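Peer 1: what follows is a predicted protein model with its sequence.
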Amino acid sequence: MSAVVEINNLIKDYGNFRAVDGLNLSIGRGEVFGFLGPNGAGKSTTIRMMLTLISPTSGSIKFFGEDLIHHRNKLLAKIGSIVEKPDFYKFLSARKNLELLSAVSGGNITRSKIDEVIELVGLNGREHDKVGAYSFGMKQRLGIAHALMNDPELIILDEPTTGLDPHGIIDIRNLITHLAKDKGITVFLSSHILSEIEMIATSMAIINKGKTVAQGNVKELMDAEKSILRFTTDNTLLCKDIIHTKFKTESVAVSDTILEFSGKSSEIPLLIKSFSEQGINIYEVNKRTKLEDLFLRLTEN
Amino acid sequence: MGSRIIYMELIKVFSKPRSYIGFMAITVIVSLIQLAMYMDGLNYFSFITGPLSSSFSLQGNMLSGNMVAFVIIQTLILQIPLLVALVTGDLISGESAAGTIRLLATKPVSRTSILLSKFVAGLIYTLLLLIWLGIMSWGLALFIFGPGDMIVLKSEELIILQHQDTAWRFFTAFAISFVSLSVVATFSLCLSCFADNSIGPIISTMAVIILFTIVGTLEIPLFDVVKPFLFTTHMVVWRNSFDMPVSTSQITQSLVIMIMHIVLFLSVAIYRFNKKDILA
């Protein structure tokens, strides 16, 4: 079965600047695909090319095995999207926005479908308010409702949880998981929130300077990385000795009170016990996520 | 699909407060002129016909509704294009500025369809604005001043039109004006495809109209070569509807040239909009 998204050697030049440099991606059906990269890495440019907002300099984009350029309208009818900010017609209500946009979204979007997506994102009761009066978080919810109203087979979401409160973030995270698991919808998720990708993505790619620097199954990619354990203590020198003696690992003192070393989560209780036995006070223990390490290592330049 | 997109565009146009500026401006300006004419119209009329009093004896209802409407339309003809451009210059650039262009351009409809629907919506807006001008100028003037003959003063002649001979001329003048304003609407729509804010296209449209009008007015041999190709030269051809006899060949020629301008501007707009990278 062909991939839902297949991008081959995609290039976008702006004059002498190459924003996307031979990007290759392949995403299967029902996957939640995390698309990561630092600012200016080419994420938004890639998404804009996927949605025909800008033309590629060269390369190809295929959805459901068909070329985007030749089957644009047919393919876009199967895609829902949020690109960067969720901008809508401020002088119209949320419902009117969705009703008007349904006229050009392909398929037959009924009023009940609009009711359904409004309720799904928790905007019921506020759907008749003008969008101009909406908070950013409410616009983000409306953006998700808009992306879902044409029953898409693929959803492309660019930073969908930006501006949402913690409840909103959890709601959207659960919604994405539900759409992928229960409805078989493929989700292309661009985000700066690494923990979000770590929690919900099944596969991912990290791009830097327009190139793919890592791609694959999230679990497999992260298993290859060790965690960084960080201790805040009142005696980093003694801690270093203990770590060196008991765990045969070198540690790095980040400051007078902070010590970092590469280790496993399972070692934390034993470390704390060893430190306590030597009368060392531990004020805080942090474990930096593996994805953060992977991301930082691959994009540090 | 086509009618649904046009409907969508019309809803957007008429949901924006700026779309009513034109209607309000026409209402206020025309009402003021009507009031001024009602209060002091005879003096105004005596002033403009003063040079003729030594040669002609003018009798009857000089200040007829037809006469007042003609004066109003002639006075407003430079302002109406601004009111049109205020809306049509915003059709694409306004969406770019607001970011909503992304909503449209990621839909399963071609960019050409989007642009053509905006073009049609712009023409409908222009038509409604013109109809409102007709109601406020001609309709209201007939109601206030009553019907009557009208005098058309031209640089080389004086034309007196009987009341029963005026209605078709006004309708013809409005029809020609619609084509003229459609050129302005298409031109500003075209400029709108090159900008990401609506101020640029609106000001540029007016700047071009003013520049072309100046070039068309100056009697310099160099400009005589380009004058026939300037759309502003043909925008005033509505006045020919009040000639005696009406020069249909001249009106037809101007209409053809203006329609060619519409086709040209629309083609450039379609090309540009299709090629445009949407970065907003």
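Peer 2: Perfect, thanks for sending it. Small disclaimer: the values here were computed from a predicted structure and weren't measured.
Peer 1: which non-adjacent residue is nearest the residue of the stretch 51-200 of chain B found nearest chain A?
Peer 2: As assessed by Cβ to the nearest Cβ, chain A sits closest to B:Gly99 within the stretch 51-200 of chain B, at 3.1 Å. No exception for glycine: its C-beta is placed from N, CA and C like everyone else's. Among residues not flanking B:Gly99 along the chain, A:Asp87 sits closest, at 3.1 Å (Cβ to Cβ, 6 or more residues apart in numbering or on different chains).
Peer 1: now do the same for the one you found: helix, strand or coil?
Peer 2: Under DSSP: H, G, I helix; E, B strand; the rest coil, A:Asp87 falls in the coil class.
Peer 1: ok, now which ones touch the residue of the stretch 151-300 of chain A found nearest chain B?
Peer 2: Residue of the stretch 151-300 of chain A nearest chain B, by Cβ to the nearest Cβ: A:Ile156 (8.8 Å). Residues in contact with A:Ile156, defined by Cβ atoms under 8 Å, 6 or more residues apart in numbering or on different chains, are A:Ile47, A:Met50, A:Leu51, A:Ile79, A:Gly80, A:Ser81, A:Ile82, A:Val83, A:Ala147, A:Phe188, A:Ser190.
Peer 1: PyMOL command for the buried members of these?
Peer 2: The PyMOL command for the buried members of these (criterion: 16 or more other Cβ atoms under 10 Å in any protein chain shown) is given here:
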select buried, chain A and resi 47+50+51+79+80+81+82+83+147+188+190
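Peer 1: just the contacts of A:Ile156 that are near chain B?
Peer 2: Applying Cβ under 8 Å from any Cβ of the partner chain to these, one finds that A:Leu51, A:Ile79, A:Ser81, A:Val83 fall near chain B.
Peer 1: distance of the closest residue to A:Leu148 other than its chain neighbours relative to A:Leu101?
Peer 2: Spatially, and ignoring its direct neighbours in sequence, A:Leu148 is nearest to A:Val117 (5.0 Å; Cβ to Cβ, 6+ apart). A:Val117 sits 11 Å away from A:Leu101, going by Cβ to Cβ, to the nearest Å.
Peer 1: list the residues that contact both of the two?
Peer 2: A:His146, A:Met149.
Peer 1: just to revisit the earlier point, next up, the contacts around the residue nearest to B:Gly99.
Peer 2: Neighbours of A:Asp87 in contact, by Cβ under 8 Å, 6+ apart: A:Lys139, B:Ala98, B:Gly99, B:Thr100, B:Arg102, B:Leu103.
Peer 1: and of the residues you listed, the nearest to A:Gly122?
Peer 2: Taking Cβ to Cβ as the measure, A:Gly122 lies nearest A:Lys139 of the contacts of A:Asp87, at 13.0 Å.
Peer 1: quick one, what contacts the residue of chain B positioned farthest from its centre?
Peer 2: Distance from the C-alpha centroid of chain B peaks at B:Ser54, with 36.7 Å (Cα atoms, centre = their mean). By Cβ under 8 Å, 6+ apart, no residues touch B:Ser54.
Peer 1: and if you look at the one 10 residues further on?
Peer 2: The contact partners of B:Ser64, taken as Cβ under 8 Å, 6+ apart, are B:Phe145, B:Gly146, B:Pro147, B:Gly148, B:Asp149, B:Met150, B:His163.
Peer 1: ok, A:His128 - contacts?
Peer 2: Per Cβ under 8 Å, 6+ apart, neighbours of A:His128: A:Ser93, A:Ala94, A:Arg95.
Peer 1: now tabulate the residues you listed in CSV and tack on distance to B:Ser180.
Peer 2: Shown next, in CSV, are the contacts of A:His128 (distance: Cβ to Cβ, whole Å):
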residue, distance to B:Ser180
A:Ser93, 37
A:Ala94, 40
A:Arg95, 39
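Peer 1: looking at those residues, which are in helices?
Peer 2: A:Ala94, A:Arg95 (DSSP state H).
Peer 1: now, of the contacts of A:His128, which are buried?
Peer 2: Of the contacts of A:His128, these count as buried by 16+ other Cβ under 10 Å: A:Ser93, A:Ala94, A:Arg95.
Peer 1: that's all I had, so thanks and see you.
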